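Colleague: One predicted model, sequence on top.
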Amino acid sequence: MNRFPQRVLLRAPLLACAALFAVLAQPACAASCTISTTPVSFGIYDVFAMNPNNNGIGSLTLVCSTDAGNVALSTGQSNTYAARVMRSGANPLTYNLYTSAARTRVWGDGSGGSRVMRAAEKATTIFSIYGQIPAGQDAAVGTYTDNITVTITF
C-alpha cells in the first residue's frame with residue numbers, strides 16, 4: 001500500500017497584461033505619441049518548478065512627435081508594486097514586470113521603489129517588458145490575466 005499521496009502536476013496556462021491601456025498626461029501644448037503593445041505572455045506555469053518563470057516578455061512601442069516623456073506602468077489589480085496579481089476567476093497568481101532582463105527593477109510609476117522609463121525625444125522608442133512569476137505558488141489550472149495601464153507624462 002502506498003503511504004504517500006500521488007503528486008499531480010498542475011499546469012496553468014497564463015497570460016499577463018492581456019491589455020495595456022494608454023493614458024497621455026500632457027501640458028497645454030499638445031503632445032503626440034502613438035502607442036502599440038505586445039502582451040507579456042508567460043506560457044505554461046509549472047507549480048513544481050524550483051525556479052521562477054522568466055518566460056514573460058512583451059513590448060511597448062512609442063512613436064512620439066514631441067519631447068520625451070516618462071513612461072509608467074500601473075499596478076494592475078494588485079494596487080501595489082511589491083507584487084502584481086493576475087487572476088483566473090477568484091484564483092490569484094503573483095507576478096511582476098521589470099525594466100530589464102535581469103529582473104531587478106520593477107517597472108512602475110516611481111513610487112514604492114519602482115522605476116519609470118524615459119521615451120526618446122521625437123523618435124520611436126521600443127521598450128521590452130520583462131515579466132516574472134515567482135516559483136512555488138499553488139495555482140489552480142486556468143488562464144490568468146491582468147490589465148496594466150501605460151501612462152506617459154511629458
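Modeller: Now that the structure is in, tell me what you want to look at. Numbering: from 1, shown residues only.
Colleague: where along this protein do the strands fall?
Modeller: Under the criterion DSSP state E, strands of the chain are mapped to 11-16, 19-25, 33-46, 57-64, 70-73, 84-88, 91-98, 117-118, 124-132, 147-153.
Colleague: Can I get those strands in CSV including mean neighbour count and distance to residue 104?
Modeller: C-beta coordinates here come from the backbone N, C-alpha and C atoms, glycine included. As requested, the strands of the chain are exported to CSV (neighbours: other Cβ atoms under 10 Å; distance: least, Cβ to Cβ, whole Å):
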stretch, mean neighbour count, distance to residue 104
strand 11-16, 20, 19
strand 19-25, 14, 22
strand 33-46, 17, 17
strand 57-64, 18, 16
strand 70-73, 21, 16
strand 84-88, 21, 16
strand 91-98, 21, 7
strand 117-118, 14, 14
strand 124-132, 18, 10
strand 147-153, 19, 19
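Colleague: CSV please, covering those and showing mean pLDDT.
Modeller: Shown next, in CSV, are the strands of the chain (pLDDT from 0 to 100):
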stretch, mean pLDDT
strand 11-16, 36
strand 19-25, 47
strand 33-46, 90
strand 57-64, 91
strand 70-73, 94
strand 84-88, 95
strand 91-98, 96
strand 117-118, 94
strand 124-132, 96
strand 147-153, 91
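Colleague: If we ignore the residues flanking it in sequence, what's nearest residue 91?
Modeller: residue 140 (4.5 Å; Cβ to Cβ, 6 or more residues apart in numbering).
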